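Undergrad: When you get a sec, could you give me coordinates for this:
(chains A and B)
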2 protein chains.
Amino acid sequence: MSAVLDALRGAVGAAHVLTDGDLSAWELDWRKRWRGRALAVVRPGSTAEVAAVVRACAAHGTSLVPQGGNTGLVGGGVPDASGTQVLLSLMRLSRVRTIDAANLTMTAEAGCVLQAVQDAAAAQGLLYPLSLAAEGSCTIGGTLATNAGGTQVLRYGNARELCLGLEVVTPAGEIWDGLAGLRKDNTGYALRDLYIGSEGTLGVITAAVLKLHPAPAAQCTALAACDSPAAAVALLQLAQARLGAGLTGFELMGRFALELVERHFPALPRPLAPSPWTVLLELSDTEGEAQARARFEALLEAAFVAGTISDAAIAESMQQSRQLWHLRESIPLAQAEEGLNIKHDIALPVSRIPAFVAATDAALERAFPGVRLVDFGHLGDGNLHYNVQCPAGGDAAAFLREQEEAVNALVYDAVLAHGGSISAEHGVGALKRDTLPHYKSAVALDLMRAVKRALDPQGLMNPGRVL
Amino acid sequence: MSAVLDALRGAVGAAHVLTDGDLSAWELDWRKRWRGRALAVVRPGSTAEVAAVVRACAAHGTSLVPQGGNTGLVGGGVPDASGTQVLLSLMRLSRVRTIDAANLTMTAEAGCVLQAVQDAAAAQGLLYPLSLAAEGSCTIGGTLATNAGGTQVLRYGNARELCLGLEVVTPAGEIWDGLAGLRKDNTGYALRDLYIGSEGTLGVITAAVLKLHPAPAAQCTALAACDSPAAAVALLQLAQARLGAGLTGFELMGRFALELVERHFPALPRPLAPSPWTVLLELSDTEGEAQARARFEALLEAAFVAGTISDAAIAESMQQSRQLWHLRESIPLAQAEEGLNIKHDIALPVSRIPAFVAATDAALERAFPGVRLVDFGHLGDGNLHYNVQCPAGGDAAAFLREQEEAVNALVYDAVLAHGGSISAEHGVGALKRDTLPHYKSAVALDLMRAVKRALDPQGLMNPGRVL
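TA: Numbering: from 1, shown residues only, chains lettered A, B, ... in the order given. So this is what the prediction gives:
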């Protein structure tokens, strides 16, 4: 072990090879579900140093776990418990290299915090639209390695669609400079897309060219009350037809999800009376606020007349808009206050969500009487966080311990039956690695294994994740 | 050879294994630059039959060339001259399997003609935005295998961004059913993206889930006169800032390109006086025609005041809009009338196009005095068809024969120097296969070769193309 540590110290300097003291900031994931032990935490300061680290590990047969802001939800970025893996932190690669306003691109290093990238774009009057709860600490490299989603996917796409090029250190320690800021480039296989979402198992993303957008002139938010998921899907269709690309957010919230918010954050305003389902809509407009409001009013009026919604409220100000988003964003926090729960991150064809929710709610209630369902998510993307809380007054920890496997099996079987995916935006990591083969095509998994063997023949890049 | 032919007849029926008569519809590309000879033209009628064909070829070590509408521009879809390759035509897989309006998706087989798919979407009030010159005969499979671009990429993306899932027959003859219509799915490597743009070298695309959009309520087209590419880029920035996703087309046309149109198609109206550069803008609006026109007028007024444009004309009707597009679309036809020429399909960061055009125009004029430059293309995507016509009165065929290599070297060296790509939307095929290694990173090419070896170890899928 000391030979590889010497090589790592040679690569990045002894000060950036941490082996002693409290390394839990890197070894423990933030949800505290995975605690590993690293041979060393290595903090390179440049792409060349990352390459040197990878070569040192390859030479000594030492496996590597790349890590950004350590905000992942699937245990993909913390070392295993063996004490033999190098934790490669990208946090020192934190430079925005360039912003090219005429090309609407930014070249940013992997360790840039998402919010810093959003801010750097905003300082030029531009928008980097990726937006998610962890944006204050997650990194560009992490969002790309996991193809992160969030609340603006409906209009702007996942991290994948917001990336034009990558710089990657391959498992052999070579640097692929694919940082071209091109909107079209048909010169061979989509290596960029292969690395995006590969969770550090094929190489290390060190920098990226990010796609920027002009900042919208105005944004407006509304809540609408629906009787059923089918009505919410009908509202989505109407909103897409009338607002087109102006529709930048469409979030669904079940009644119990908002009850939890009210219970644990009673100070938050609730502009609508409780209803079975509530939708948050966001409209971004290039013309200004007056037009944005007028378009929203016309849409909601039409939906009301059609019987699609029973009530609605449009935010009167940016502050009210923020409060409506705050309601939505408080659901996971309210769940945490309520106690441990079983989380899902599933995707379905939008059209099949009503049938999925009806069938799966009923099946869960039959199998686990009294179970409480926290249904919410990005309906516009077909992505539900379909979470399950133990019966009221029950022992949440015991429910999680004893029933998680059975709940997951029921939910994932229903997802499969409705043509969905068991990971919409969080990835596979360690959490779903062993579950995935039950729910993904064997042909696809064989193709993935062939790619993995071809690009990482030593199997040293984040082993035990994804595959 | 007769053993493999027997196996193919067993797979698809003797009537669909063509070996005699005039096979030039499959063996000769439509630009008549590549004439091959196939062992047989095989026309399977289902995905299962495609798989049987691939297995038969694999068993006999026979290579395969998949083909859609045979409209490719890089010789990627016709067999070589050896008479040993099977031409696999996908044209009989021509069914639209389903349209899911609430999910905004269509599942279409590889042999569906692009225009038929556009029409099927339009019949539901929806839009499949991929649009290109060959749309009347090119197929969905071909557009995905080459990641086709066209005129709406600025707003809707390439074929890649318009595809949610694929069905693929692997080189082993297995069927990967990846036809989920999901907007988010983070369960492993981006196999879909790996197949898109791989030009039939990794397997055969047999069907796809296509992303649909709501049809815009109104479209409006305008022409604007600019003094320079820099002014055109400034207009693009202004248009993107003010119109956002409403800007669905932004095409640049050089003076000589429009002179050729005037010379060969004098009946086409020319609403603007000649200027060094002309831009065609298209605005799609969800609110209707009156608003579309008003937004266009405000934009062009602002551009005029800023000195970005010197003149402009907004189409007064759908018919006038079509005429403006006709001007743009007539450039390649006018070039053909003028005589043989050297075509390019290059991409650059939008911000670097002015410097590229200035430097490369000058270098070409120095190296080939009197040469005439037909500069036009999708400026909004950084994609130029930067074509070169021989000096006036010269021998076009001789110029092409004697100078094409030198012209290409000069242009591609300039593309490389300006951070661009030598194939923006046409692909690599046979045409650019041997050129590519001079202009693409060796690390990237090694990664591509590793993927090719892993997924097609026998090397039977469209050999000699791309790599």
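Undergrad: tell me which element the residue nearest the centre of chain A falls in.
TA: For chain A, A:Ala148 is the residue whose C-alpha lies nearest the centre (CA atoms, centre = their mean; 3.6 Å). Assigning secondary structure by DSSP states H and E places A:Ala148 outside every helix and strand.
Undergrad: Over to A:Gly200?
TA: Counting by DSSP H and E, A:Gly200 is part of no helix or strand.
Undergrad: my guess is it meets A:Gly464, correct?
TA: No: contact between A:Gly200 and A:Gly464 fails when scored by CB atoms under 8 Å: they sit 11.3 Å apart. For glycine as for every other residue, the C-beta is placed from the backbone atoms N, C-alpha and C.
Undergrad: Of these two, give the one with the bigger neighbour count.
TA: A:Gly200 (26 against 17; other CB atoms under 10 Å in any protein chain shown).
Undergrad: what sits against that one?
TA: Residues near A:Gly200 by CB atoms under 8 Å, 6 or more residues apart in numbering or on different chains: A:Leu64, A:Val65, A:Pro66, A:Gly76, A:Gly77, A:Ala145, A:Met461, A:Asn462, A:Arg465.
Undergrad: ok, and of those residues, which contact chain B?
TA: With CB under 8 Å from any CB of the partner chain as the criterion, no member of the contacts of A:Gly200 is in contact with chain B.
Undergrad: would you list the residues you listed in TSV and tack on neighbour count and pLDDT?
TA: Below are those laid out as TSV (neighbours: other CB atoms under 10 Å in any protein chain shown; pLDDT from 0 to 100):
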residue	neighbour count	pLDDT
A:Leu64	26	98
A:Val65	25	98
A:Pro66	28	98
A:Gly76	29	96
A:Gly77	31	97
A:Ala145	31	98
A:Met461	27	98
A:Asn462	29	98
A:Arg465	23	97
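Undergrad: Of those, which belong to strands?
TA: A:Leu64, A:Val65, A:Pro66 (DSSP state E).
Undergrad: The second one and chain B, how far apart?
TA: Right, A:Val65. The gap separating A:Val65 from chain B is 18 Å, by CB to the nearest CB, to the nearest Å.
Undergrad: That residue against A:Ser82, yeah?
TA: No: at 11.0 Å, A:Val65 and A:Ser82 do not qualify as touching, with contact defined as CB under 8 Å.
Undergrad: Helix, strand or coil: sort out A:Leu280 for me.
TA: When classified by DSSP: H, G, I helix; E, B strand; the rest coil, A:Leu280 comes out as strand.
Undergrad: what's the closest residue to it other than its chain neighbours sitting at in phi/psi?
TA: Using CB to CB, 6 or more residues apart in numbering or on different chains and skipping residues adjacent in sequence, the residue nearest A:Leu280 is A:Glu251, 4.3 Å away. Dihedral pair for A:Glu251: phi -110, psi 140, per degrees, to the nearest 10.
Undergrad: and A:Glu251, what does it touch?
TA: Taking CB under 8 Å, 6+ apart as the criterion, A:Glu251 is in contact with A:Thr151, A:Val279, A:Leu280, A:Arg328, A:Phe376, A:Gly377, A:His378, A:Leu379, A:Gly380.
Undergrad: Also A:Ser441?
TA: Contacts of A:Ser441 (CB under 8 Å, 6+ apart): B:Trp176, B:Asp177, B:Gly178.
Undergrad: That one and B:Gly165, how far apart?
TA: 11 Å (CB to CB, to the nearest Å).
Undergrad: can you list residues touching both of the two?
TA: Between them, A:Ser441 and B:Gly165 share these contacting residues under CB under 8 Å, 6+ apart: B:Gly178.
Undergrad: Chain B contacts on the stretch 251-400 of chain A?
TA: A:284, A:286-287, A:295, A:347-352, A:378, A:381-383.
Undergrad: one step back: out of the contacts of A:Ser441, which are buried?
TA: Neighbour-count burial (16 or more other CB atoms under 10 Å in any protein chain shown) applied to the contacts of A:Ser441 gives B:Trp176, B:Gly178.
Undergrad: Switch the contacts of A:Ser441 over to JSON lines; also include secondary structure.
TA: Listed next are the contacts of A:Ser441 as JSON lines, based on three-state DSSP:
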{"residue": "B:Trp176", "secondary structure": "strand"}
{"residue": "B:Asp177", "secondary structure": "strand"}
{"residue": "B:Gly178", "secondary structure": "strand"}
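Undergrad: which of the contacts of A:Ser441 lies closest to B:Val17?
TA: Nearest to B:Val17, judged by CB to CB, of these is B:Trp176 at 25.2 Å.
Undergrad: contacting residues for that closest one?
TA: The contact partners of B:Trp176, by CB under 8 Å, 6+ apart, come to A:Ser441, A:Val443, A:Ala444, A:Leu447, B:Leu166, B:Glu167, B:Val168, B:Val169, B:Thr170, B:Leu191, B:Gly203.
Undergrad: The first one and B:Asp185, how far apart?
TA: What it means is A:Ser441. 12 Å.
Undergrad: Now do the SS call for the residue of the stretch 201-350 of chain A found nearest chain B.
TA: As assessed by CB to the nearest CB, chain B sits closest to A:Ala245 within the stretch 201-350 of chain A, at 3.3 Å. Recorded secondary structure, A:Ala245: helix (three-state DSSP).
Undergrad: Report pLDDT for it.
TA: At A:Ala245, the model reports a pLDDT of 93.
Undergrad: cool, and the one 5 residues further on?
TA: pLDDT for A:Phe250: 97.
Undergrad: who does it bridge with?
TA: A:Phe250 forms beta bridges with A:Leu281, as assigned by DSSP bridges.
Undergrad: can you check A:Ala313 too?
TA: A:Leu223.
Undergrad: Looking at the contacts of A:Glu251, which are in strands?
TA: Using DSSP E, the members of the contacts of A:Glu251 that fall within strands are A:Val279, A:Leu280, A:Phe376, A:Gly377, A:His378.
Undergrad: Could I get the contacting residues of the third one?
TA: Spelled out, it's A:Phe376. Residues in contact with A:Phe376 (CB under 8 Å, 6+ apart) are A:Glu251, A:Leu252, A:Met253, A:Gly254, A:Ala257, A:Arg328, A:Ile331, A:Leu384, A:His385, A:Asn387.
Undergrad: I'd assumed A:Val279 was in contact with the third one.
TA: Yes: if you go by CB under 8 Å, A:Met253 and A:Val279 touch, sitting 7.5 Å apart.
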